[in-house]
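1. What follows is a predicted protein model with its sequence.
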Amino acid sequence: MPLVLVTLFIVSLLPILLAGLSHYFRAQMFGRVDNAQPRAQQAQLTGAGARVVAAQQNAWESLVVYTVAIFIAHAAGVDLHELTVPALLFVGFRLLHALFYVLDRSTLRSLAFSGGMGCCVYIFVVAVQAA
């Protein structure tokens with residue numbers, strides 16, 4: 001199996017892991033996790049907890065772009081094994097993005113976001129050249 005497909009699965013888990021981390025911050029801030037109204041409770045978070053929720057939302061958004069880029073490359077006939085390096089870089093950038101988001105390092109977060117999107121653009125360009 002091409003490693004790019006494994007990275008797709010890993011990246012799909014990142015928003016779920018961030019959602020789990022938001023449980024910790026909700027319990028810390030409110031004394032409990034409100035499972036009946038989780039989004040309303042998340043909306044009340046501040047500080048690192050709010051940044052975890054924002055990182056989760058961004059992780060979902062970037063997952064869509066990455067998935068589409070991989071699908072386009074596959075549809076264009078690109079050997080997915082050729083995409084191992086940009087795929088691993090994308091995972092690394094997304095992990096750093098989440099970390100920098102939680103730590104409130106906005107410049108580093110933006111750089112990590114740009115690196116991840118750059119990987120998606122690269123994959124798309126490879127697909128266009130193969131088509």
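-> Perfect, thanks for sending it.
2. Just to check, L18 is in contact with A54?
-> No: judged on Cβ atoms under 8 Å, L18 makes no contact with A54 at a distance of 9.4 Å. For glycine as for every other residue, the C-beta is placed from the backbone atoms N, C-alpha and C.
3. of these two, who's got more company?
-> Counted by other Cβ atoms under 10 Å, L18 and A54 do not tie: L18 has more neighbours, with 22 against 17.
4. what sits against that one?
-> 52-53, 55-56, 59, 98 (Cβ atoms under 8 Å, 6 or more residues apart in numbering).
5. give me that answer again for 10 Å
-> Shown in contact with L18 (Cβ atoms under 10 Å, 6 or more residues apart in numbering): 51-60, 98, 101-102.
6. Next: V53.
-> By Cβ under 10 Å, 6+ apart, V53 lies in contact with 18-19, 21-22, 25-26, 39, 42-43, 45, 101.
7. what comes up buried for the helix or strand hosting it?
-> In this assignment (DSSP states H and E), V53 forms part of helix 47-75. Neighbour counts over helix 47-75 (16 or more other Cβ atoms under 10 Å) mark 48-56, 58-59, 62-63, 65-66, 69-70, 72-74 as buried.
8. C-terminal to that helix, what's the next element?
-> Downstream of helix 47-75, the first helix or strand assigned by DSSP H and E is helix 84-102.
9. chain center to that following helix: distance?
-> In terms of Cα atoms, centre = their mean, to the nearest Å, the centre of helix 84-102 is set 7 Å apart from its chain centre.
10. and S114, what pLDDT?
-> S114 is assigned a pLDDT of 98 by the prediction.
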